[in-house]
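[1] sequence unknown, structure follows:
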């Protein structure tokens, strides 16, 4: 196509040639003289110059206008392209920002969930998040080259089950997911509980449905498992405790009247010996003393059993350490006596603010561990030493030291970890020392372990001293602990117990000083009080059929409040939550079965008006 710069000069040349030819013809025909020819030549030249100038000017303007238009078009096109690029760039920036924000939200959510993430091509190397490596104890940069390599971190007892769960998720006909809980063993030997979930993506490869990528999320649930196990342990202890308290209650009833009868017989024999010096009663008194000693030993065993039956109670009181330790020793001595000599080294300690049953559980666990660290036999060569003292800060210290083989250093740092145990399967749960640690630290104390191979181990429990009681605080059960022994007027005493032998024993103990009415039914007692009878003291059993001592107290609180206030509760062990709550709520004095006759007489004297 012709450009403007070409056709304008061509057109001008054609027109100019035609003009020259025409002008020469006209000049030749019109000129008459030389002067006319010259004038016409000058005119022709002038016209030629003018035409040429006009043509050149028109062509130049045309060219300049065209170039300006082209430039403007180019600039407009460039502006449009630039605007489009800017829009595209802005959209890409917005998309990148949205992606970055979405990734940050996802990362924050994963971090908040405390989850570890991994990705992999099936059976290929694992790509792991930092939290995943932290959970399993995998060093940064250490590759995990495949699923079987990863399975080496899974506890041997759980490995096959977890492998099967993952393989089922890779089955094209399956659900493409897996969920499992298993234990992992870290390189340092520590054991952690893991909750794992996974998802598999499938795709058609050459017409065959195949797994192409897997993703998994793991969560460390060790603490949750430990809490569940401890709750289960507490539930078991509570169940055993309730059973033990029930057994103690059933033992205490006959034991109460047995001891009362032995005390009565002992007194009668001594009185007979004084009245009849010629009668030899030494052998009889010796037999009675032996019987009383045996009954006393049963009483102490039941008392220790009752201490541990209250393991579900969390009420804290001032506790003396020595009786708690002695009760624990009594409970576990059968485990100790065939393994080592037991040495007691009791120094003075302040009372501590604690729950007696929980503290007993700590002592019991430490003593059992010490005993099980020593094999049976060679008793004279082995020793378990229990000692108490007060440290420089005024804290109470209990030490349980054994002469066993000691604990290796790599194991020592894990002894308080939940589920860690070196005992064979079925012997230990790995929770005993963890529970001890939780109990002691919950009391504001600390538990420390020191061990040397072939020299033995010592566990040291340090507890803060209990604060002094507030001024005017009478302590626990002042009526029973500090009874008045001054002579009192003869009173009227009502005894209510469903065991006739208990009623008879209490009547024998109290009848020399008071008028005693003995009933085996709380309903009958309620009826007599409702008819207007009044008593100075009401000794009432806590647990009875048809109407309990608790129900009688509630009824008398409405019917005759002054009689409810004069009730003394007899208990062989509060083995129900309702009974425990009742004893914690009411201020009435109480007497534990089997009772001491002298203390009971002193208590009644103090209550008789």
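    Thanks, I have it. Bear in mind the structure is a predicted one, so any value in this text is a computation, not a measurement. Residues are numbered from 1 along each chain as shown.
[2] from here on, contacts and neighbour counts on C-alpha atoms
    Noted.
[3] what bits of the stretch 101-250 of the chain have low per-residue confidence?
    Across the stretch 101-250 of the chain, the ranges flagged by pLDDT under 70 are 230-246, 249.
[4] What segments of it are helices?
    For the stretch 101-250 of the chain, the helices defined by DSSP state H, counting those that start in this stretch occupy 130-136, 147-151, 156-169, 222-275.
[5] Of all those helices, which one comes closest to residue 372?
    helix 222-275 (20.2 Å; C-alpha to C-alpha).
[6] How much space separates residue 68 from residue 83?
    Using C-alpha to C-alpha, to the nearest Å, residue 68 is found at 22 Å from residue 83.
[7] And for residue 567?
    97 Å.
[8] How about residue 510?
    In terms of C-alpha to C-alpha, residue 510 sits 110 Å off from residue 83.
[9] more crowded one of the two?
    The neighbour count for residue 510 versus residue 83, taken as other C-alpha atoms under 10 Å, is higher for residue 510 (19 against 12).
[10] With adjacent residues omitted, what lies nearest to the more buried one?
    Distances taken as C-alpha to C-alpha, 6 or more residues apart in numbering place residue 601 nearest to residue 510, at 6.5 Å, with adjacent residues excluded.
[11] that's a helix at the one you found, yeah?
    Yes: counting by DSSP: H, G, I helix; E, B strand; the rest coil, residue 601 is located in a helix.
[12] Just the pLDDT for it.
    With respect to pLDDT, residue 601 scores 90.
[13] That one: neighbouring residues, count only.
    18.
[14] can I assume it is in contact with residue 511?
    No: under the criterion of C-alpha atoms under 8 Å, residue 601 is not in contact with residue 511, lying 10.1 Å apart.
[15] Would you check that residue 343 makes contact with residue 388?
    No: Residue 343 is not in contact with residue 388 according to C-alpha under 8 Å; the separation is 11.8 Å.
[16] neighbour-wise, which of these two wins?
    residue 388 (22 against 12).
[17] Show me what whichever helix or strand that one is part of is packed up against.
    Using DSSP states H and E, residue 388 sits in strand 383-390. If contacts are counted by 3 or more C-alpha pairs under 8 Å, 6 or more residues apart in numbering; DSSP states H and E, strand 383-390 sits against strand 341-346, strand 396-402.
[18] Determine which of these approaches residue 149 most closely.
    strand 396-402 (41.7 Å).
[19] okay, the angle between the closest one and strand 383-390?
    Angular relation of strand 396-402 and strand 383-390 on a 0 to 180 degree scale: 170 degrees, by axes from the mean of the first three to the mean of the last three C-alpha atoms, to 10 degrees.
[20] which neighbours does strand 396-402 have in its sheet, and in what orientation?
    strand 383-390 (antiparallel), strand 456-463 (antiparallel) (DSSP bridges).
[21] Quick one: the ones you listed as TSV, columns for mean pLDDT and distance to residue 521 too.
    As requested, the strands paired with strand 396-402 are arranged in TSV below (pLDDT from 0 to 100; distance: least, C-alpha to C-alpha, whole Å):
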stretch	mean pLDDT	distance to residue 521
strand 383-390	96	48
strand 456-463	95	47
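[22] looking at these, which is closest to residue 98?
    strand 456-463 (56.2 Å).
[23] hmm, who's touching the closest one?
    Contact with strand 456-463 is made by 352, 366, 395-407, 440, 443-451, as judged by C-alpha atoms under 8 Å, 6 or more residues apart in numbering.
[24] try it again with 6 Å
    If you take C-alpha atoms under 6 Å, 6 or more residues apart in numbering as the criterion, strand 456-463 is touched by 395-406, 445-451.
[25] Also stretch 203-220?
    115-122, 194-202.
[26] Point out the ones among these that are inside strands.
    Secondary structure assignment (DSSP state E) places 115-120, 194-202 from those within strands.
[27] how about those, which pair is most distant?
    Largest pairwise distance in these, by C-alpha to C-alpha, is 25.9 Å, between 194 and 202.
[28] More neighbours: these two, which one.
    More neighbours surround residue 194 than the other of residue 194 and residue 202, with 20 against 17 (other C-alpha under 10 Å).
[29] Verify the contact between that one and residue 182 for me.
    Yes: counting by C-alpha atoms under 6 Å, residue 194 does reach residue 182; the two are 5.3 Å apart.
[30] Report the central residue of the chain.
    Against the mean C-alpha coordinate of the chain, by C-alpha atoms, centre = their mean, the closest residue is residue 227 at 4.3 Å.
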